[in-house]
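Visitor: this one's structure only:
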C-alpha cells in the first residue's frame, strides 16, 4: 500500500469513527399500559358502539373518560412488551441509562383514543358492531356463542345462515379494532411502525379487549377466563 493510499484510508476511518464516538445506542423498554387500554376501549365503545334501538338522548352530557391512578402509581408487568434501540447523540455532559423502563407519558387513554380516531377503518368497525349489537346479544343470551379470551366470539352451538354471517362479521370487526389498538400503542411510544412491533403488542391488545367484553357481558353469557376455562356470568 502506497503512502498516499494509506493516508487516504486513515482519513476514511477517522471520518467514520468520529461521528460514531459522539453517539450511543440506548435500549428503551416499553411496557404495555393495560389499564389505560381498557379505559380507551370503553370510552370508544360508549362513543361509537350505540345500539340502533337505543339512540343516545339529545343534549346528553359528555361522560368523562376515567383518569385512573397517576402514572407513577400504575402497576406494570415485570417484563417489557417491546424494546426500542435508539441512537442518541452525546453532548459534553450527558446521562446515559441503558435498559430504562419507559412508557408514554400523560393521559395515555386519551392519547390512544386520539390516535384511533385517525383510523377510519377502526371507527367503521366500531359503528358496524353497533348495527349488529342486538343480534350478537341474542346469540350470547342463547348460549350459541361466548366471549373468548382472545377478544373474539367463540361458537358454543349451532348457528343459522344469518347468525353465521353476523358471527363472522363481528369477529372481523373485532380484529380490526384490536389491531388498531396495537398500532396506537406503538405510535404513542414513538416506535417504528413495523409489522414486527405491532404483532408483539397484538396479544396484549386482544387480552385487554377480551377483559372489557367479559366485564360488559350480560348475565347468563358464556365467558372464557384468561386460563382458558369457561364460565357462565
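Guide: That came in fine, so what should we check first? Every value quoted in this text rests on a predicted model; they were computed, and no experiment measured them.
Visitor: what mean pLDDT would you report for whichever helix in the chain runs longest?
Guide: Determined from DSSP state H, the single longest helix within the chain is helix 161-188. Mean pLDDT, helix 161-188: 96.
Visitor: so where's the chain uncertain?
Guide: Low-confidence segments of the chain (pLDDT under 70): 1-30, 51-106.
Visitor: can you rerun that using 90?
Guide: 1-33, 49-108, 188-193, 197, 200 (pLDDT under 90).
Visitor: Which stretches in it count as strands?
Guide: For the chain, the strands defined by DSSP state E occupy 23-30, 82-89, 100-102, 145-147, 153-155, 222-224, 230-232.
Visitor: Run through the neighbouring helices and strands of the longest helix of the chain.
Guide: Helix 161-188 sits against helix 34-48, helix 108-116, helix 120-131, helix 133-141, strand 153-155, helix 195-216, with contacts defined as 3 or more Cβ pairs under 8 Å, 6 or more residues apart in numbering; DSSP states H and E. (Glycine included, C-beta is placed from N, CA and C.)
Visitor: Just the buried residues of it, please?
Guide: If you call a residue buried by 16 or more other Cβ atoms under 10 Å, then helix 161-188 has these buried ones: 163, 166-167, 169-171, 173-188.
Visitor: Leaving out chain neighbours, which residue sits closest to residue 214?
Guide: Closest residue to residue 214 apart from its sequence neighbours, by Cβ to Cβ, 6 or more residues apart in numbering: residue 223 at 4.7 Å.
Visitor: Could you tell me how many residues sit around that neighbour?
Guide: By the criterion of other Cβ atoms under 10 Å, residue 223 has 20 neighbours.
Visitor: For it, name its beta-bridge partners.
Guide: Judged by DSSP bridges, the bridge partners of residue 223 are residue 147, residue 231.
Visitor: which ones are touching it?
Guide: 146, 147, 213, 214, 217, 230, 231, 232, 233 (Cβ atoms under 8 Å, 6 or more residues apart in numbering).
Visitor: Next, count neighbours for residue 153.
Guide: Neighbour tally, residue 153, other Cβ under 10 Å: 20.
Visitor: Tell me how far it lies from residue 185.
Guide: Distance of residue 153 to residue 185, computed by Cβ to Cβ, to the nearest Å: 23 Å.
Visitor: contacting residues around stretch 190-210?
Guide: 30, 32, 34, 37-38, 41, 81-82, 84, 147-152, 174, 177-179, 181-183, 185-187, 224, 226.
Visitor: Tell me the buried residues in that stretch?
Guide: Buried-residue list, stretch 190-210, by 16+ other Cβ under 10 Å: 191, 197-198, 200-202, 204-210.
Visitor: again, but for stretch 142-158
Guide: Buried-residue list, stretch 142-158, by 16+ other Cβ under 10 Å: 144, 145, 146, 147, 148, 149, 150, 151, 152, 153, 154, 156.
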